[in-house]
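Trainee: I would like to see how this sequence folds:
(2 chains)
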Amino acid sequence: MSSSIDLSAIPGPEKVQRFSLNLRLQHIILAISTMTLILTGIPMFCFRHPELMWWGAESNTLMDLAAIRGIHRWAGAGLTGIGIYHMLWLAYTRAGRREFLYWLPTWKDVVDVTHMSMYFLFLRKDRPRFDRYAYFEKFDYWAVYWGCVIMCGTGLVLWFDKWAAANLSWFPYDLAALIHADEAILATLAIVIWHFYNVHYNPHKFPGSLLWLHGEMTKEEMLDEHPVEYERIAKEQ
Amino acid sequence: MAPLSRSNKRILTRRSSRLKQLSLVIIAALCLTMGQGVAGASETEIGHPWDGSQVTPIHHIPITDADGNRIVPHIEYPNPFSYQQTCGVCHSYEKISHGTHFNSVADPEDFGRPGQPWVYVDEHLGIQLPLSYRNLPNTFNPDKIGLSRWDFVLNFASHLPGGDMGEPENAYAGRWPVAGPLEANCLACHNGGDRQDLSEWAKQIKRENFRWAATAASGIGEVRGMASRLPDWWNFLTPFNPDDSIYAVPPQVKYDMTNFSSKSFAFFDIEGSPTDDRCLQCHSTLIVGKEREEVDPDIHTVSGMNCVNCHRNGLDHKITRGYETEHVDRDDPSIAEFSCKGCHLGSGDVTDMSGRGGRLGAPVPKHETVPIIHLDSLTCTACHSGHAANKDLATVRTAIANRLGIAGRAIWALETPQIIEPVFIRGDDGKIGPHRMMWPAYWASVTSDTVTPVLPETVTTVGEGILDVEKQVGQAIEWLKKGENAQASEQLGDYEMPEPVIVTADKIYRVDVDGRLDAEDNTSTMPVEGWAWGRDFGTHIEPLVPSIDMDSMEAMSSPGYNYIVNMLNGLRNIDGAPGEPALTSGTSIFLNVFTGEEDYPTSPAYWGYQCVYFGDALEEAVEKPSFIWLVDGGASLVEFASDYAVENALATADSPQPVTEAQVVKMLETLPSALADESAETTATPAYVANGLLWTVDAEGKLAGKPHTAAEPVSWPLAHNVRGVGQSMGALRCEDCHAKDAPFYYAELTPNGPLQAAMAPTLTMKDFHKDDYKPYQTISNFFKWLIIITMSLLILHIIADALRRTVCKPREN
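Mentor: Numbers count the residues shown, from 1 in each chain, chains lettered A, B, ... in the order given. Alright, predicted model coming up:
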């Protein structure tokens, strides 16, 4: 949104409380868990592939593997816990149910992807006008589902390996470890490159956004990123 | 009493005769019945049925020779006793001879998991050839490469308990009638006394006293004489030759009468369950470099167990080997408990006592902190057995490969083959376990893709003058020593005889009692270019040939001249000298010439000779002054040791790699003629397999090695030397294996062997893990492409977004 546009001429609030405290706390716990899992997962991955130990021969330079594994497991427990809470929140709260409807993919998302592609290819001059969640934000949300199911599922098999060997013999440890590691690589790359770009590093937001902390967006930001939602809010007022 | 009438006498006589006939019939019938009973018992029963007593019965029994005749031990020339005839009375020799230790020829497939092969080693010929009648991977069947049963027994029976290939079907061929069969040696395992002697057994084998070896080794009698010195037509019924009581003395037994009762019953101190010493005489291993006091016994032994507690067998002598899948291979669930897992972990079925594990008090570990993948993917031995691989791989010697445990004046133990452990290899059961490994080395003929070893005797013949360089140099030094002896006898007063040596800039080489070269650091000041013959006086070293100016007037009276005269005279008197000794220097020859005064009554043999100098006698100047032989009246000049011999001998002296590339080239150039003789295959090309490569000479005469299946290593799983939890791999730190330089993954294995090769492939331990995980490959590929495609799209999106937001942003109206 260009600063030359007179925002005051557009009706609506100056600030929008976009995310509730509950949702922000869920995100913070999710973020801390995920960061911890990534940081502790890398040395654990390298233990399985020692040729990747760029820091030297002995892991003790950083931390004992048992301690790393312990932290990783508790972070995994945090991720699993917040995942379960989120599902309950979606099911049992009005806010959750309302939010879930916004996260559901719609035909407009297909149109927006096409629109954005044409914009990138200079076939259109304007960006799509997004509602509460843009298609790439919905992608982030649903990717977490995919990731959580895989990572928590395989992680539990690795954590409770003896139980799994006795009761889930069709899902061997090796396979769980393989999937866990591969999905971890995908998730880490997606978060660090894709998600961080969209919310922090893109030229429009660099060096970063505090939306995750206060949950507020200015009128300008809303008109730039979620104009359809802003217009609806303005209309409802 | 009234005398009997004639008729009565006739009646009585007739009755008596009938009684005799009847009794003969009855006796014959009884004998037949008993005979059938005995024969039937020996065929159907392996031994006496066990009556339940835990005590091994006293064996105070008559001993019998091979013909079934009872031995009277105190006669002059008693026969050796036969196990088949002595023990076989009660224990079925036939069935026992199909037991694990005796059936490699008869039942080659009845063994299960591959074990250690036999290794034919000839260090001088550069051969270490893995052999097995059991068709183990990467080994050769002796029958198929032309190595006879006789040769096999002669080479390996020091650590064989007899039987098997020691009892050939045709016992009348070759030397077998002289030596006799090598019967299964019951006492090798079951002798509970302390007189069972492996060294004596080995000695008797080398003397070809096969029939007598068990008697001598058990200590029940002494055996003198050597069948190896007897002619092929000799057999043990041949009378003694009164004219030869020194050399060709047939083997004779003298029994130790303290072992016998007055009825000539022998006392055998039998252990029904062999003691560990009996097992370890053939199954010992040693980490090279470790002293005896540094070696920990196996943890099971320390806790009071014996080998046979796990390695059990019935009277059929099929011994439980104790690997995890043995009960499947042998289709015998009852032996499942005698593997590590079976005993310590059980099957997990707690309703069944045997399924709980913990037999004989075995601890049942929970492995709580060990991710279960380790239990699924690794054998128990990977963490608990052998040399702990958290540092480096070890070189190990085994009793049967390196001839351990043969004591005596000569050390029989071999440095080669060099076996390494632990090499972690994924086995057929899908688990990674520690193995011992060695690389084969042999001369071979190659036809298309078939690589066939050349027989050692062919290599010996072809290698004469090429591979026996150390022997040549040792012989030369011995000759020079004899020359020095003559030199010493000419000296007056205290004279310290110098020792002939070879000197290089940093080493001095002298010949040892075995005729081999020993190297030591050179601290002398004698200037040397390359190498030179020298005379070591203890305090200093002088060149072997002194410098003399023969054109000077004083030459004939110089010490150097006298030295040469004495040396030549000394060399001339060597028994079996190949020719007349001479000295070459530049283009000159010095030799002693007869002057006609040999009749001087008390003169030594060389008096009457005078050294004569022939200048410019040689067409080409020799590089080094050296002693030579004039052969065929001077028609040819033969060096004591050629430059080739000396250079190669110095290169291989004191080295575990006794073959140089130059020797290989020369051998491969010489072998084709021998191969043409050996087989009709004219297309066969010679090759040398060593150090993990197949070596051939190319068109330019250069040696080149290439990988080949024939050069691949042979390996076999190891067990024992068990370490408890505190000493096991990974017990306290995952980094024992999961570290950048952990040998479990990254140990570099450079194939070893007899060749001093500049080129060698390097393998990494991980190569042997065979981590192909084929079932998981699809999933792995799915994630790989998922990551690539997803991240590519996302990154494209980012780039496009960034460009549109900055460089290519739309114009503002």
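Trainee: going forward, measure contacts between C-alpha atoms and count neighbours the same way
Mentor: Will do.
Trainee: which helices and strands does the host helix or strand of A:Arg98 pack with?
Mentor: In this assignment (DSSP states H and E), A:Arg98 forms part of helix A:94-103. Helix A:94-103 is packed against helix A:65-92, with contacts defined by 3 or more CA pairs under 8 Å, 6 or more residues apart in numbering or on different chains; DSSP states H and E.
Trainee: where does chain B have its least confident helix or strand?
Mentor: Least confident helix or strand, chain B: helix B:6-44 with a mean of 48, by mean pLDDT, DSSP states H and E.
Trainee: what sits against the residue lying closest to B:Ala401 once chain neighbours are set aside?
Mentor: In space, and not counting its chain neighbours, B:Ala401 is closest to B:Val119: 5.8 Å by CA to CA, 6 or more residues apart in numbering or on different chains. Each residue near B:Val119 by CA atoms under 8 Å, 6 or more residues apart in numbering or on different chains is listed here: B:Gln128, B:Leu129, B:Pro130, B:Leu131, B:Ala401, B:Pro417.
Trainee: who does the third one form a beta bridge with?
Mentor: Put plainly, it is B:Pro130. Counting by DSSP bridges, B:Pro130 is bridged to B:Val119.
Trainee: I figured it hits B:Pro440, correct?
Mentor: Yes - applying CA atoms under 8 Å as the test, B:Pro130 and B:Pro440 come out as touching, 6.4 Å apart.
Trainee: who's in contact with B:Thr285?
Mentor: The contact partners of B:Thr285, by CA under 8 Å, 6+ apart, come to B:Val396, B:Arg397, B:Thr398, B:Ala399.
Trainee: just the buried residues of those.
Mentor: Taking 16 or more other CA atoms under 10 Å in any protein chain shown as the criterion, what is buried in the contacts of B:Thr285 is B:Val396, B:Arg397, B:Thr398, B:Ala399.
Trainee: and those, which is closest to chain A?
Mentor: Of all these, chain A sits closest to B:Val396, with 27.0 Å by CA to the nearest CA.
Trainee: which residues does that closest one bridge with?
Mentor: Assigned bridge partners for B:Val396, using DSSP bridges, are B:Ile287, B:Ile419.
Trainee: correct me if wrong: it contacts B:Leu286.
Mentor: Yes - B:Val396 is in contact with B:Leu286 according to CA under 8 Å; the separation is 5.5 Å.
Trainee: just the pLDDT for B:Asp767.
Mentor: B:Asp767 carries a pLDDT value of 85.
Trainee: how about residues contacting the worst-scoring helix or strand of chain A on mean pLDDT?
Mentor: Of all helical and strand segments in chain A, the minimum by mean pLDDT, DSSP H and E falls on helix A:161-167, at a mean of 82. Residues outside helix A:161-167 that contact it (CA under 8 Å, 6+ apart): A:Val157, A:Phe171, A:Pro172, A:Tyr173, B:Pro371, B:Ile372.
Trainee: just the CA trace of it, in PDB.
Mentor: Extracted C-alpha coordinates of helix A:161-167, given in PDB (Å, rounded to 0.1, in the frame of the first residue of the first chain):
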ATOM      1  CA  ASP A 161      10.900 -47.700  21.100                       C
ATOM      2  CA  LYS A 162      10.500 -50.800  23.100                       C
ATOM      3  CA  TRP A 163       6.700 -50.400  23.400                       C
ATOM      4  CA  ALA A 164       6.500 -49.600  19.700                       C
ATOM      5  CA  ALA A 165       8.600 -52.700  18.900                       C
ATOM      6  CA  ALA A 166       6.300 -54.800  20.900                       C
ATOM      7  CA  ASN A 167       3.000 -53.300  19.700                       C
END
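Trainee: starting at the chain centroid, how far to that helix?
Mentor: Here helix A:161-167 is found 31 Å from its chain centre; the criterion is CA atoms, centre = their mean, to the nearest Å.
Trainee: name the helices or strands packed onto the next helix or strand after it?
Mentor: Proceeding N to C from helix A:161-167, the next assigned helix or strand is helix A:173-189, under DSSP H and E. With contacts defined as 3+ CA pairs under 8 Å, 6+ apart, helix A:173-189 has these neighbours: helix A:21-48, helix A:135-159, helix B:372-377, helix B:774-805.
Trainee: now the element after helix A:173-189, going C-ward?
Mentor: Later in the chain than helix A:173-189, the nearest helix or strand by DSSP H and E is helix A:196.
Trainee: list the buried residues of the helix or strand following that following helix.
Mentor: Scanning forward in sequence from helix A:196 by DSSP H and E, the next helix or strand is helix A:211-214. By 16+ other CA under 10 Å, the buried positions in helix A:211-214 come out as A:Trp212.
Trainee: and if you look at stretch B:165-177?
Mentor: Neighbour-count burial for stretch B:165-177, counted by 16+ other CA under 10 Å, picks out B:Met165, B:Gly166, B:Glu167, B:Pro168, B:Arg175, B:Trp176, B:Pro177.
Trainee: now do the buried residues in the host helix or strand of B:Asn648.
Mentor: Following DSSP H and E, one finds B:Asn648 within helix B:643-652. Buried residues in helix B:643-652, counted by 16+ other CA under 10 Å: B:Ala645, B:Val646, B:Glu647, B:Asn648, B:Ala649, B:Leu650, B:Ala651, B:Thr652.
Trainee: regarding the residue in the stretch 1-150 of chain B that chain A sits nearest to, what is its secondary structure?
Mentor: Residue nearest to chain A within the stretch 1-150 of chain B (CA to the nearest CA): B:Arg113, separated by 25.7 Å. Put simply, B:Arg113 is coil when judged by DSSP: H, G, I helix; E, B strand; the rest coil.
Trainee: that one - how many residues pack around it?
Mentor: Using other CA atoms under 10 Å in any protein chain shown, the number of residues around B:Arg113 comes to 17.
Trainee: which residues does it contact?
Mentor: Applying CA under 8 Å, 6+ apart to B:Arg113 gives the contacts B:Tyr323, B:Glu326.
Trainee: and for the one 5 residues further on?
Mentor: Contact analysis of B:Trp118 by CA under 8 Å, 6+ apart lists B:Pro130, B:Leu131, B:Ser132, B:Phe156, B:Ile400, B:Ala401.
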